[in-house]
Structures are given as structure tokens and as C-alpha cells.
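Novice: Dropping a prediction and its sequence here:
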Amino acid sequence: MKPLYNLKANTAMSKLADVLVIGSGSAGAVAAISAAQSKYKVMLIERLGFAGGTSTQMLDTFYGFFTPGENARKIVGGIPDWVVNRLNKSGEVFLRPNTYGAGTGVNYNPERLKSVWDEMFMAHGVEVIYHSTLVGIEPYGEQQKCLFFHKGIGIFEVIAKRVIDATGDADYCHWKGHAYEKAGEKEAAQSLTTTFRMANVDLDKFEKAGGKKMLKEQMQVAVESGRHPLPRKEGSAHEMNVFGCVSTVAVKVAGHDPLDPQSMSSAEIEGRRQAFVFEAFFRDMVAGYENAKIIGLSTQIGVRETRRVYGKYRLSMDDFNQRRQFEDQILICGAPVEDHRSTPDGGAETYWKYVPDYGVYGVPYGCIVPEKSEMDWVVGRCFSATHQAHASCRSMAQTMSMGQAAGQAAVLSLDQDTDAWGINKADLSNRLLKLGAVLEMPQERAQMERNSWSKNKLSNES
Ligand SMILES: Cc1cc2nc3c(=O)[nH]c(=O)nc-3n(C[C@H](O)[C@H](O)[C@H](O)COP(=O)(O)OP(=O)(O)OC[C@H]3O[C@@H](n4cnc5c(N)ncnc54)[C@H](O)[C@@H]3O)c2cc1C
């Protein structure tokens, strides 16, 4: 019988790229758009049929644009602004003021965001290939051969001069042999969460009945009385961009390995089961939710960390605590440590720790360059950081900023005919500043009212 696939690469389908970005989450999508601000051919390959990764698979709020605290500052700019500006044009952005927690969030319609990513790839000349998964690599002189699987054609290869690993799971770095720490290896890994969205919520009634405070009290009653077997006593539900709909981060699935198919399968099953336990609780015990129903579960269970690659620099809690700044910093971060610990008994809820005085620390270039890199970068939630520093710096505004920097660095390394670490770091800073990146704490206070995104200092798409 003829096998369905020839597992050797189909060379008739070979492709060439100057810069290959693997994975189109918030980090990879921005990396590709950033690299495309050049004369080079940029290719972006994604395992699913749409871009955005976590930003569109399960979430609806960008955190990290603003520092928390009373005197919020806007600390991210450049291409991440272009993304929100486009969303804002469709009237589907509002600021969700939150002085503490992770600070004010930028709420968007995730379905619209899928389309915005597509529009931006087309506008900036990024060649995007969906439904294709990186499954291995092979040496190819000074370039890199990457092997992808598509169910229609089997294996195809892409030969690239520069590669940016934005898979979230550091799949490329794994195949390349770059060193990494697996989540859970040294410290408890963050738990997994299936997010779910509910329709038919009477938000006025909910607010009048006590809002968030009432929700938290009801969760405690539900757990302590045994009326609803919720996995935890905390969890959030917030208003979406669609009238009468809410999005939640409540499910908690601990102790599973995102790199093991059997373990991930039971995590998916458990995540969905818990979502409907929450649905029953909301309908029964939370004012305003009497007629609510789940209308969507995240495309897959949300994974906060998988592999964290060892880079030329490893971001640590010392950098966070000292609010350290670096000459070659590529972004700044003011987000708190938000560690959704993995204890299965729900005893330890999310652990929060704030940057002293609601300040910011810098993230140096070495955090996105693997230790032994020649032509590779690693961005997004697999960047180089300790578990706790990662728990602060993984918000989407920061992961987009890492992508912005890696895209520019890849272009510089081609222009300067040098490797990832050999580029002129001052040139990188200048390019980032020209795009609108924010590399030091601004003086002016940010505008935080619900509809005030465009009143802030923004980078406009050129
Ligand atoms: C439950 C949960 C709630 C969170 N809440 C918030 C929040 O409210 N706000 C916030 O700012 N941040 C939040 N975060 C953190 C933030 O969303 C992530 O850290 C960030 O989105 C990660 O972006 P990324 O681009 O690094 O990775 P991902 O978003 O994981 O994207 C990786 C992409 O690579 C693709 N891919 C993976 N492997 C391959 C392969 N082998 N070949 C091809 N493609 C591949 C994936 O399909 C995906 O599209 C949350 C995270 C989770 C899990």
C-alpha cells in the first residue's frame, strides 16, 4: 500500500527566505512585520490557520503597554502601536482601567485581530504560510534548512539566511540544539488555562450586585460549601468588546507537560470539564449571569511557559528588583510577576509582586539571542529568563516588543554581514527608536480613560 506521505522533503516545494519567522503569536507576527521594513524576503510560517497565537486563540486584552499604579506611563511603542491603531479604527478597542493587577489593559476583539494580522502581513509584504508545522531542521552550509509538515503535501523545506524562533515552545531552538530550561524542571511551572467566553450576561445587574468583589465572595462560598466543585477560589471574568459578553481566566489545570501528547490531551479534557463547572456556578450563584451560556472555549488550552532558552543574557529577579537598565536594552517592562502557581489543591492562588515604586526594568538584547546563536533569535514566551522574571515579562506588549527587536536585528545582521551577536547594538537601538519603541521610562502620564487609546503618544504606521 502506498504510504500517505513521503517523509523525505518534497524538494519541488522548497522555498527560500532571507528571514524566516516560525510561529505567528504576538512575538512572531510583529517580528515578521518588523523584518519586512527592509529589502529582504520575509516568510512567516504558522501551524494553525490564523495568526496571533495566544492573542487570538484565547485572549482579548493586551497587558504591558502601561505601567500599573496611580501614575501609569505608556512604555511600549512602534509596531505594537500600529496593531492597536488598526484595531481602534474598527471601534473595537477600549482601555480596561485597572490600577493594580497587571495595570490598564488594551481590550480588543480577538476575531478582528486575526484579520488585522492578515492585513498587516499583506500591507508589509510578509509571505505567510498557514497550516504548516516545523518538524525538524537540517544543516545547510551557512544557511538553515527547516522542515515543515503540511497535511496536504507532507514535508517541505525552507532554506533561510536568518531564523527567528517565535513558536512559544522554542521548537526550533530545541531542534537546533540550543540549551534551554524546561518549565517545571527547577521551579513549579505555571498552570494551564482553558479560557471561555460567555454571552447573555447582564453586566449592569452584575455591577449593582457588587461586581468583582461579589464574584470573589461567591466563589469562596461555592468552594467552601461544596455547592460547585470549582478548582480555585479566584478567577476573573471581564467585559468583552461584544455587548453582553464576558471573557474569563478562571480554569486552572496543573501538573501537565505541554510537550507530552498524552499529558496535553488530559489537560485539554480537564480544561473543558472545568469550564462547564464554572458555567453552572455562574448561572446559579452570580447575579447577572442567570441566562449566561458559554459561547466559545479557547482554541487550545493556554500554555504560559514551556521551554525557556538560555540566551547570552538571562533576565532575573535581581534585574526586576533593582529596576536594572542596560545599554543595549530592546524594551522596558513594568508588569508585575503574575505567577499562576501549579499547586493542584488551589491552596496557593496567583502570586503577585510589583516592580519597586511601579518603575520599569530594561530587557537587554542578549535575552533574545541564544547562547550559541549564529543566525538565530528566540522571542516571546520562550525568551531567556528565570521562571519568576518570565512571569513578569511575558505580557503581549512585551512579547510584541521582543519580536520588533528581533526583526530589526535580523535585518541588521544581513546588512552588516555578521551574526546575531555581532551586530552593532547602537544601530539596533537607533532603528528601534526610529520605529517608535520606548526604551526609557517616559515623563508624561498616560491617558487611562476607557476611550483614550488615541490620546496617548502613539507611533503611526508609515
Ligand atoms: C491563559 C493565559 C492568559 C494570559 N493572559 C494574558 C493577558 O490577559 N494579557 C497579556 O498581555 N498576556 C497574557 N498572557 C501571556 C501572553 O498571552 C503570552 O505570553 C504571549 O501571548 C506569548 O506570545 P508568543 O508569541 O511568545 O507565543 P504564542 O502566543 O504561544 O504563539 C506561538 C505561535 O507559534 C505557533 N507554533 C508553535 N509551534 C509551532 C511549530 N512547530 N511550527 C509552526 N508554528 C508553531 C503557535 O501555533 C502559535 O501561533 C496569558 C497567557 C495565558 C496562557
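Specialist: Noted; the coordinates are in hand.
Novice: For the helix of greatest length in the chain, the averaged confidence score.
Specialist: Under DSSP state H, the helix in the chain containing the largest number of residues is helix 261-285. Taken as a whole, helix 261-285 carries a mean pLDDT of 98.
Novice: That one close to the ligand?
Specialist: No - for a cut-off given as CB under 6 Å from any ligand atom, helix 261-285 has no contacts with the ligand; the smallest distance is 9.8 Å. The C-beta positions use only the backbone N, C-alpha and C, and glycine is treated the same way.
Novice: How far off centre is that helix?
Specialist: How far helix 261-285 lies from its chain's middle: 22 Å, per CA atoms, centre = their mean, to the nearest Å.
Novice: Tell me who's in contact with Ser191.
Specialist: Shown in contact with Ser191 (CB atoms under 8 Å, 6 or more residues apart in numbering): Lys252, Val253, Ala254, Arg304, His340, Arg341, Ser342.
Novice: most surrounded residue in those?
Specialist: In terms of neighbour count, Lys252 stands highest of the contacts of Ser191 at 25 neighbours, by other CB atoms under 10 Å.
Novice: roughly how far apart are it and Phe276?
Specialist: Distance, Lys252 to Phe276, using CB to CB, to the nearest Å: 15 Å.
Novice: Lys216 now?
Specialist: Lys216 is 21 Å from Phe276, by CB to CB.
Novice: wait, Ser373 sits on Ala420?
Specialist: Yes - taking contacts as CB atoms under 8 Å, Ser373 lies within contact range of Ala420: 4.6 Å.
Novice: How confident is the prediction for Lys2, by pLDDT?
Specialist: So Lys2 comes in at 64 (pLDDT).
Novice: and the stretch 101-250 of the chain, which of its residues are near the ligand?
Specialist: Thr133, Leu134, Ala166, Thr167, Gly168, Asp169, Asp171, Thr193, Thr195, Val249.
Novice: Make JSON lines from these and add neighbour count and pLDDT to it.
Specialist: Formatted as JSON lines, those follow (neighbours: other CB atoms under 10 Å; pLDDT from 0 to 100):
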{"residue": "Thr133", "neighbour count": "17", "pLDDT": "98"}
{"residue": "Leu134", "neighbour count": "24", "pLDDT": "98"}
{"residue": "Ala166", "neighbour count": "35", "pLDDT": "98"}
{"residue": "Thr167", "neighbour count": "30", "pLDDT": "98"}
{"residue": "Gly168", "neighbour count": "25", "pLDDT": "98"}
{"residue": "Asp169", "neighbour count": "21", "pLDDT": "98"}
{"residue": "Asp171", "neighbour count": "23", "pLDDT": "98"}
{"residue": "Thr193", "neighbour count": "24", "pLDDT": "96"}
{"residue": "Thr195", "neighbour count": "22", "pLDDT": "98"}
{"residue": "Val249", "neighbour count": "21", "pLDDT": "94"}
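Novice: Now go through those and say which are in strands.
Specialist: Counted as lying in strands by DSSP state E, out of these, are Thr133, Leu134, Val249.
Novice: list the contacts for the residue nearest the centre of the chain?
Specialist: Nearest residue to the geometric centre of the chain (CA atoms, centre = their mean): Met396, 4.5 Å. Met396 is in contact with Ser26, Thr54, Ser55, Leu59, Phe62, Tyr63, Gly64, counting by CB under 8 Å, 6+ apart.
Novice: ditto for Trp453
Specialist: Val84, Asn88, Val93, Phe94, Leu95, Val106.
Novice: Need those in CSV (columns: neighbour count, pLDDT and secondary structure).
Specialist: Shown next, in CSV, are the contacts of Trp453 (neighbours: other CB atoms under 10 Å; pLDDT from 0 to 100; DSSP: H, G, I helix; E, B strand; the rest coil):
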residue, neighbour count, pLDDT, secondary structure
Val84, 23, 98, helix
Asn88, 18, 95, helix
Val93, 22, 96, strand
Phe94, 20, 96, strand
Leu95, 23, 96, strand
Val106, 24, 97, strand
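Novice: Please name the nearest non-neighbouring residue to Met402.
Specialist: Val379 (4.1 Å; CB to CB, 6 or more residues apart in numbering).
Novice: now that neighbour: how far from the ligand?
Specialist: 7 Å (CB to the nearest ligand atom, to the nearest Å).
Novice: same question, Thr350
Specialist: With CB to the nearest ligand atom as the criterion, Thr350 and the ligand are 11 Å apart.
Novice: burial of that residue, as a residue count?
Specialist: For Thr350, using other CB under 10 Å, the count is 19.
Novice: Also the one 10 residues further on?
Specialist: Residue neighbour count, defined by other CB under 10 Å, stands at 23 for Val360.
Novice: Look at it and report its pLDDT.
Specialist: So Val360 comes in at 98 (pLDDT).
Novice: hang on, isn't it packed against Cys333?
Specialist: Yes - here Val360 reaches Cys333: they are 6.1 Å apart, a contact under CB under 8 Å.
Novice: between the two, what contacts are shared?
Specialist: In contact with both Val360 and Cys333: Ile75, using CB under 8 Å, 6+ apart.
Novice: Pull out the CA atoms of stretch 48-56 and give them to me as PDB.
Specialist: Provided in PDB are the C-alpha atoms of stretch 48-56 (Å, rounded to 0.1, in the frame of the first residue of the first chain):
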ATOM      1  CA  LEU A  48      -2.700  26.900  12.600                       C
ATOM      2  CA  GLY A  49      -4.900  28.600  10.100                       C
ATOM      3  CA  PHE A  50      -4.700  32.100  11.600                       C
ATOM      4  CA  ALA A  51      -2.200  34.300  13.200                       C
ATOM      5  CA  GLY A  52      -1.900  35.700  16.800                       C
ATOM      6  CA  GLY A  53      -1.200  32.600  18.900                       C
ATOM      7  CA  THR A  54      -2.400  33.200  22.400                       C
ATOM      8  CA  SER A  55      -3.600  36.700  21.400                       C
ATOM      9  CA  THR A  56      -6.300  35.300  19.200                       C
END
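Novice: Only the buried residues of the longest helix of the chain, if you could.
Specialist: For helix 261-285, burial by neighbour count (16 or more other CB atoms under 10 Å) applies to 264, 267-268, 270-272, 274-275, 278-279, 281-282, 285.
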